[in-house]
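# Please find the sequence and the predicted model below.
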Amino acid sequence: MDNKTMTGHESLQLIQQMIDTAKQEQKDDGRGWIVWGWLIFLASVFTFLNIVFSWSDTTFLFWNLFGLATIVLFTYQAVQNFIIKKNVRVKTYTQELFNKLNVGFFISLMLIIISINLGVPPTKGFALLLGLYGFWILIYGAVLNFKPSIIGAYITWGFAFASLFVLDFKWTMLLHAAAVLCGYIIPGHMANVEFNKINKRG
């Protein structure tokens, strides 16, 4: 074993990094929720408008565009996370929990999306998506003790149950947009405001 003794400066850096990481764990800047929330919201609203005004023969045109945007964002985030991991020596339980939950969330997400493509009615498939959103939002809110997300999770589940009884897909899209507004966008902006206030005080 090659044990390298840390210098006083390196020890202080590690301690500071642990403090910064702990602070970061307590509050999220909400940007992820805002970006993904607005993308999903716009895809839902434009799909509703596409159906109403027959802009395109492809009902899922804007969801296909959302898929392309998702690939770009995932690639960017993967590169960014790789760079951050190389520079950060401190790992926390919360970070590890969120990393594993992210994997579970996206596997479940892909399962529902593939199910829709294999024959599950989109009206029911998108209701299941809302159920998945609600679960993830609740976990996030509970772990970080962020009440707007906890409330948003229950509202999202309410829209999910309502969606089960909707037969017209265009109204499913409006319910989907409203759920994302309450579960992602509003709590995300609230988290961002709180995060910026804390940073100004710090």
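Looks like it arrived, so ask away.

# Which positions in the helix or strand harbouring Ile137 come out as buried?
Assessed by DSSP states H and E, Ile137 sits inside helix 122-143. Going by neighbour count (16 or more other C-beta atoms under 10 Å), the buried part of helix 122-143 is 122-141, 143. Yep, even glycine has a C-beta here, placed from its N, CA and C like the rest.

# How far away from the center of its chain is it?
Helix 122-143 has its C-alpha centroid displaced from the chain centroid by 10 Å (C-alpha atoms, centre = their mean, to the nearest Å).

# got it, and stretch 146-160?
The answer for stretch 146-160 is 13 Å, by C-alpha atoms, centre = their mean.

# where exactly do the helices run in the chain?
Along the chain, counting by DSSP state H, helices occupy 8-26, 31-53, 61-87, 93-117, 122-143, 147-163, 169-180, 186-201.

# the inter-axis angle of the fifth one versus helix 93-117?
Using axes from the mean of the first three to the mean of the last three C-alpha atoms, to 10 degrees, one finds that helix 122-143 and helix 93-117 are set 180 degrees apart in direction.

# If you count contacts, what does helix 122-143 end up packed against?
Secondary-structure packing of helix 122-143 (3 or more C-beta pairs under 8 Å, 6 or more residues apart in numbering; DSSP states H and E): helix 93-117, helix 147-163, helix 169-180.

# Switch the helices of the chain over to a markdown table; also include mean pLDDT.
Shown next, in a markdown table, are the helices of the chain (pLDDT from 0 to 100):
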| stretch | mean pLDDT |
| --- | --- |
| helix 8-26 | 53 |
| helix 31-53 | 95 |
| helix 61-87 | 79 |
| helix 93-117 | 85 |
| helix 122-143 | 94 |
| helix 147-163 | 97 |
| helix 169-180 | 97 |
| helix 186-201 | 85 |
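
# show me the contacts for Asp29.
Asp29 is in contact with Ala191, Asn192, Phe195, Asn196, counting by C-beta atoms under 8 Å, 6 or more residues apart in numbering.

# okay but the first one is in contact with Pro148, surely?
Yes. At 7.3 Å, Ala191 counts as touching Pro148 under the criterion of C-beta atoms under 8 Å.

# The two: which has the busier surroundings?
Shown here are Ala191 and Pro148; by other C-beta atoms under 10 Å, Ala191 has more neighbours (24 against 19).

# how close does the residue lying closest to the more buried one once chain neighbours are set aside sit to Trp171?
In space, and not counting its chain neighbours, Ala191 is closest to Gly30: 3.2 Å by C-beta to C-beta, 6 or more residues apart in numbering. Plainly put, Gly30 is 29 Å away from Trp171 if you go by C-beta to C-beta, to the nearest Å.

# got a list of contacts for stretch 41-56?
By C-beta under 8 Å, 6+ apart, the residues outside stretch 41-56 that reach it are 59-63, 65-66, 169-170, 173-174, 176-177, 180-181, 184-185.

# buried stuff in it?
Phe41, Leu42, Ala43, Ser44, Val45, Phe46, Thr47, Phe48, Asn50, Ile51.

# send the alpha carbons of that stretch over as PDB?
Output of stretch 41-56 as PDB, limited to C-alpha atoms (Å, rounded to 0.1, in the frame of the first residue of the first chain):
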ATOM      1  CA  PHE A  41     -44.100  20.900 -20.400                       C
ATOM      2  CA  LEU A  42     -43.400  22.300 -23.900                       C
ATOM      3  CA  ALA A  43     -43.500  18.900 -25.500                       C
ATOM      4  CA  SER A  44     -46.900  18.200 -23.900                       C
ATOM      5  CA  VAL A  45     -48.400  21.600 -24.800                       C
ATOM      6  CA  PHE A  46     -47.100  21.500 -28.400                       C
ATOM      7  CA  THR A  47     -48.400  18.000 -28.800                       C
ATOM      8  CA  PHE A  48     -51.800  19.200 -27.700                       C
ATOM      9  CA  LEU A  49     -51.700  22.000 -30.200                       C
ATOM     10  CA  ASN A  50     -50.400  19.700 -32.900                       C
ATOM     11  CA  ILE A  51     -53.500  17.400 -32.400                       C
ATOM     12  CA  VAL A  52     -55.900  20.300 -32.300                       C
ATOM     13  CA  PHE A  53     -54.600  22.200 -35.300                       C
ATOM     14  CA  SER A  54     -53.200  19.200 -37.300                       C
ATOM     15  CA  TRP A  55     -49.700  20.800 -37.700                       C
ATOM     16  CA  SER A  56     -48.200  17.400 -38.500                       C
END
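
# If anything else comes up later, I'll come back, but that's it for now.
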